[in-house]
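In: this is a predicted model, with the sequence first.
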Amino acid sequence: MTSTLKQHFPTVGHIAMGCMGFGGDWNNNHYNTEDRATAERAIDTCLNHGINLFDHADIYKNGRAEQIFGEVLKNSPQLREQIVIQTKCGIRFADENVPSRYDFSHSWITHSVEQSLARLNTEQIDILLLHRPDPLMEVDEVARAFDELKQSGKVKCFGVSNMHHYQIDYLQRHLNMSIIINQLEMSLANNHWVNEGFNAGINDDNSRFSPAIVEHSQLNNIQLQAWGCLAQGKFTGNGDQTTSHTSKLVIELANEYSVSPEAIVIAWLMRHPAKIQPVLGTTNAQRITACAQANDITLSREHWYQLLVSARGQALP
Ligand SMILES: NC(=O)c1ccc[n+]([C@@H]2O[C@H](COP(=O)([O-])OP(=O)(O)OC[C@H]3O[C@@H](n4cnc5c(N)ncnc54)[C@H](OP(=O)(O)O)[C@@H]3O)[C@@H](O)[C@H]2O)c1
């Protein structure tokens, strides 16, 4: 954890829970009692393993992920003080006349937060992230929205997602509070954030990460959160021919460390000195428990590199 995240939320766990899977099917406009039971079971399992930061977005299941979470909170209000609630705004889905788009306007940010607060049944969002960069962002509007949300107590802390470091610096220059989170897709499969670091002086256009985003986060005390951290199970039973070599290695290491394969995949992210916070996307209680075992181990330097080289499919330069 970065000291900033810990400073604001001293009891936050190293692993976080992503709630995009809550709220039933994307295509339905309702959820059922089974969906509610899944959410309750997942939340309970997380808390039993010290996973207490819950990551939402206004758009997940068109608001139903937040809604189902809010129902759980309403039924168990004592949970609120044990958890950190993070949500995001800024993505708008297509409607009749307009395609999907991003919106960092003052009116959309404040509207979205009001809706999230109502769905989540809470007085305050602990951390609000801007979901994806909006090229039409007017920084002064964002700053005004953040100031108002902070002053009113509706949002405690702020962060971003899917931003490169110039976007963060530009935004930060205009804000009266620190950006404490950047959430990016990072995993053993999406390992460009490591690979770009080997490429100084090498003609390589493989990197889709902004150069040195990891070091930028470390320098500025910004907590990196990894979405897609399980790579949707690619190395733990949901893979194909292209991932089979790494999956085999993951199983070997799982046996060596006496943990689950999922824990190896998660521990690979957590071994990095940036103290990356994996955001689990599974809603399966058994898989959450399997992932939580990552808290019990530290991969050796040799095993970390073995996994990296296997996943990137070629030796290091
Ligand atoms: N900031 C952003 O732009 C952004 C984008 C996407 C997601 N997120 C956040 O990050 C969280 C995690 O993202 P994610 O869901 O993409 O990541 P993930 O944790 O890599 O993937 C989770 C998905 O993979 C499935 N899965 C995992 N292991 C499996 C296996 N062995 N066999 C079959 N299926 C397996 C899970 O199914 P089960 O539920 O059945 O285990 C679940 O559907 C989300 O919940 C959300 O909070 C953020």
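Out: Arrived safely.

In: Asp126 belongs to a helix?
Out: No. Going by DSSP: H, G, I helix; E, B strand; the rest coil, the assignment for Asp126 is strand, not a helix.

In: residues contacting the residue nearest to Ile222 when sequence neighbours are not counted?
Out: Closest residue to Ile222 apart from its sequence neighbours, by Cβ to Cβ, 6 or more residues apart in numbering: Asn182 at 5.3 Å. In this view, the C-beta of every residue, glycine as well, is placed from N, C-alpha and C. Shown in contact with Asn182 (Cβ atoms under 8 Å, 6 or more residues apart in numbering): Gly159, Val160, Ser161, Met163, Ile168, Ile213, Ser217, Ile222, Gln223, Leu224, Gln225.

In: with distance to the ligand added, can I get those residues in TSV?
Out: Listed next are the contacts of Asn182 as TSV, based on distance: Cβ to the nearest ligand atom, whole Å:
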residue	distance to the ligand
Gly159	10
Val160	9
Ser161	4
Met163	10
Ile168	14
Ile213	14
Ser217	15
Ile222	14
Gln223	13
Leu224	12
Gln225	8
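
In: in helices only, show me these.
Out: Members of these lying in helices (criterion: DSSP state H): Ile168, Ile213, Ser217.

In: kindly give a single ChimeraX line that selects the buried subset of those residues.
Out: Burial among those is assessed by 16 or more other Cβ atoms under 10 Å; the matching ChimeraX selection reads:
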select :168,213,217
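
In: rebuild the ones in helices among the contacts of Asn182 as CSV, extending it with pLDDT.
Out: Below are the ones in helices among the contacts of Asn182 laid out as CSV (pLDDT from 0 to 100):
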residue, pLDDT
Ile168, 97
Ile213, 93
Ser217, 97
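
In: could you pull up phi and psi at the residue nearest to Ile222?
Out: Note on Asn182: backbone dihedrals following degrees, to the nearest 10 are phi -130, psi 120.

In: would you mind measuring from it to Glu34?
Out: Distance from Asn182 to Glu34, counting by Cβ to Cβ, to the nearest Å: 35 Å.

In: flag the shaky bits of the stretch 51-200 of the chain, pLDDT-wise.
Out: Within the stretch 51-200 of the chain, the set of residues satisfying pLDDT under 70 is empty.

In: and the strands in it?
Out: 53-55, 84-89, 91-92, 101-102, 125-130, 155-161, 179-185 (DSSP state E, counting those that start in this stretch).

In: alright, calling it a day.
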